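In: sequence first, then the predicted structure, then my questions.
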Amino acid sequence: MKKLIILLCGLFWSMTVFSLSGQEYMNRFNAYMQWSQQLPSTPGPDFIEFIKGTTPLSNKLRNRWLYELARTKDWSNYNAYYQPTEDITLVCFDRIAQFHLGLEKEAFDGTTELWLTGSSRPQACNVLFDMFLKSKYFKQKLITQRIALALKKRNVHLAAYLLKQYKEPHLSDVKTLISIYGNPASISKLPTSSFNNDLYLYALKRMVSVNMDQALKMWRKIKDKKILDEAHEQAFLAHVALYKAMRNNEDAREWFAKVKPQYYNDALLDWEIRLALKQHDWKHVVQLISDSKNKTEPCWQYWLARALEKQGKISEAKTIYESLAKNRQYYGFLASIRLKIKPSFENEKPTTNIDVLKPYQSVTEQVKTLYQTKQDLQASRLLNDFISELPKEEASALVYWIASELKWHGKSVVLSNNETLNNQLTLRFPLAYRSSVQRYSKKYTVPLELVYAIIRQESGFRENVVSSAGALGLMQVMPQTARMVSKNDKIPLGNQKQLFQSQKNINIGVAYLKQLSKRFDNHPILVAAAYNAGPRQVVYWLKTHPPKQIDLWIETLPWQETRNYLKNVMAFYVVYQYRLHHKADLGNFLTPL
């Protein structure tokens, strides 16, 4: 009942907030900013009323206050004002608050779910877990269960730590785990035990990726000795089937047949579908998709239609294609091609009348000053907070102002990438840096739409972004690649910081696309795949994963990142054809190799 009341109050508060006038919204936002910068030592009724809401600003301010209450160990107020959240740290603090308020059973009943993960948890959770370990509610089997989850995620560090948490620390098992990590074949020396099932499975999985034949030989020995229980043996068989399907091994189907239905998971079924697609076993594709709990997803709906079409069930396939073709996304565009109709472009014009922003001039001026003085992070945070509760018209106008006035296209793309502004294509797919893009597109004969699609996918138009791999700028160019391309094409490049300059980055990025085009016969799918995964990887895939129809080749690539990358680039390419008033045409992308 309490949760229902909170939900209804939150819904009412949300409706009230989003109907505020400009000045009323400014008053609310200014109050939020003042409280955020200095949390009240003794909260008044206005503050309490604010944090009871469920709107973005209410949630953010409440969470900030909860962190402060946890820091000062004010568990009574923490428990009183806590609301369910996806912030794991705050969830753990909530259990700690319950414990300190004498609600020990409730605290630890809610801790088991947090404990049972193969990932490491934040420090607040470690404090909670230390309390849990010492309580009468903790069972030693929970350690064993979490070790299994850690090994499944290859989190050896966590597994080794957990082995030391038993009442009698398993120090010898720590040494064994380290030995197996360095040399998986050393499992042959392990004695039989229920715990060692997890170690055997971990070692066998490691061996599969290094030496499949050795892994299978070891598995057969273990099987003959009946060391593994059914669940662990089935987990290994599923891993082998998945590995073989991803690598296009001829005997992959035999290994799928060894896995019992109760041990299937989503990833395994997805790859059995992909294997059937590779083998053009269309009847099996239909059967497998009907068994998938994800069968209504656009991906499997498209392939269900393709399989039905291949079996001559044209009417059934057409019905599915027509439903998919209504959507502005990869599978919708493919469906429109199968139907030989124009793709769907649901497009709303943004609010270009920035007069609607006049009530918010103090905020826009502050954002402008911060951005022009290179304080991008502060400007970005201010915008994130301010736009979070703006009505649609004002939000659209604000994003339009960011793009047109500040020329901050990276931020306008981020702020328009949501359900509210999803169909405002001018904001989501800007024609930014047009002079540079047109210049180098023409110089290197690389399609304008492809350049824009790559920029949109790689950086979302963020000039200063650096990837975890070290790629820089708009087209996410690796410094080593930049040096190679600049040398080959005689492009002046002083140091890698120049890659944050839009003109230089686009020049080198497009020149690299041209080099890849020459290497891969101007096929845009192979060019985009090489831009993402590297040319050597694409050459390897062409040898081990022979291309057939392009849509099928993309769907069955072993790397999920590259599959998604190519789908996005193709979809963005079509959107940019629309933005540039060109005829929508994916013919060059779908040309068989």
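Out: That came in fine, so what should we check first?
In: mind jotting down where the helices sit in the stretch 301-450 of the chain?
Out: Secondary structure of the stretch 301-450 of the chain, counting by DSSP state H, counting those that start in this stretch: helices at 314-324, 330-339, 361-372, 376-387, 392-404, 409-416, 425-428, 434-443, 448-458.
In: and of the ones you listed, who's closest to residue 181?
Out: Evaluated with CB to CB, the helices of the stretch 301-450 of the chain place helix 448-458 nearest to residue 181, the distance being 35.1 Å. All C-beta atoms are positioned from the backbone trio N, CA, C, and that covers glycine.
In: now do the closest one: which elements does it pack against?
Out: For helix 448-458, the helices and strands in contact under the criterion 3 or more CB pairs under 8 Å, 6 or more residues apart in numbering; DSSP states H and E are helix 434-443, helix 502-519, helix 524-533, helix 560-579.
In: what's the following helix or strand after that helix?
Out: Heading C-terminal from helix 448-458, the first helix or strand you meet, by DSSP states H and E, is helix 479-488.
In: quick revisit: how about the helices of the stretch 301-450 of the chain, which one is nearest residue 134?
Out: Using CB to CB, the helices of the stretch 301-450 of the chain put helix 376-387 closest to residue 134, at 40.1 Å.
In: so what does that closest one touch, helix or strand wise?
Out: Counting by 3+ CB pairs under 8 Å, 6+ apart, the elements that helix 376-387 packs against turn out to be helix 22-37, helix 56-71, helix 361-372, helix 392-404, helix 409-416.
In: so which of those helices is the most packed in?
Out: Most buried of those by mean neighbour count (mean count of other CB atoms under 10 Å) is helix 409-416; its value is a mean of 23.
In: off-centre distance for it?
Out: Averaging C-alpha positions (CA atoms, centre = their mean, to the nearest Å) puts helix 409-416 18 Å from its chain's average.
In: average pLDDT for stretch 564-580?
Out: Model confidence over stretch 564-580 averages 98 on the pLDDT scale.
In: residues making contact with that stretch?
Out: Applying CB atoms under 8 Å, 6 or more residues apart in numbering, the set of residues contacting stretch 564-580 from outside is 328-330, 333, 343, 345, 347, 425-426, 429, 431, 447-450, 452-454, 456-457, 524-525, 528-529, 532, 554, 557, 583-586, 589.
In: now with 6 Å, please.
Out: 329-330, 333, 345, 429, 449, 452-453, 456-457, 528, 532, 554, 584, 589 (CB atoms under 6 Å, 6 or more residues apart in numbering).
In: distance to residue 514 and mean pLDDT added to the helices and strands packed on helix 376-387, as TSV?
Out: Compiled in TSV, the helices and strands packed on helix 376-387 are given as follows (distance: least, CB to CB, whole Å; pLDDT from 0 to 100):
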stretch	distance to residue 514	mean pLDDT
helix 22-37	48	96
helix 56-71	44	97
helix 361-372	34	97
helix 392-404	29	97
helix 409-416	24	98
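In: how about the helices of the stretch 301-450 of the chain, which one is nearest residue 563?
Out: Minimum separation from residue 563 across the helices of the stretch 301-450 of the chain (CB to CB) falls at helix 330-339, 10.3 Å.
In: let me see the contact set for residue 588.
Out: Residue 588 makes contact with residue 524 under the criterion CB under 6 Å, 6+ apart.
In: what kind of secondary structure is it in?
Out: coil (DSSP: H, G, I helix; E, B strand; the rest coil).
In: report pLDDT for it.
Out: On the pLDDT scale, residue 588 gets 92.
In: repeat that for residue 12.
Out: According to the model's per-residue confidence, residue 12 sits at a pLDDT of 45.
In: could you list the single helix or strand in this structure with the lowest mean pLDDT?
Out: In the chain, no helix or strand scores lower on mean pLDDT, DSSP states H and E than helix 2-17, which sits at a mean of 46.
In: which residues in the stretch 101-250 of the chain form helices?
Out: Counting by DSSP H, counting those that start in this stretch, one finds helices in the stretch 101-250 of the chain at the ranges 104-109, 112-115, 123-133, 141-152, 156-163, 171-182, 196-210, 212-224, 230-246.
In: returning to that earlier point: residue 59 is nearest to which of the helices and strands packed on helix 448-458?
Out: Comparison of these against residue 59 by CB to CB identifies helix 560-579 as nearest, at 29.6 Å.
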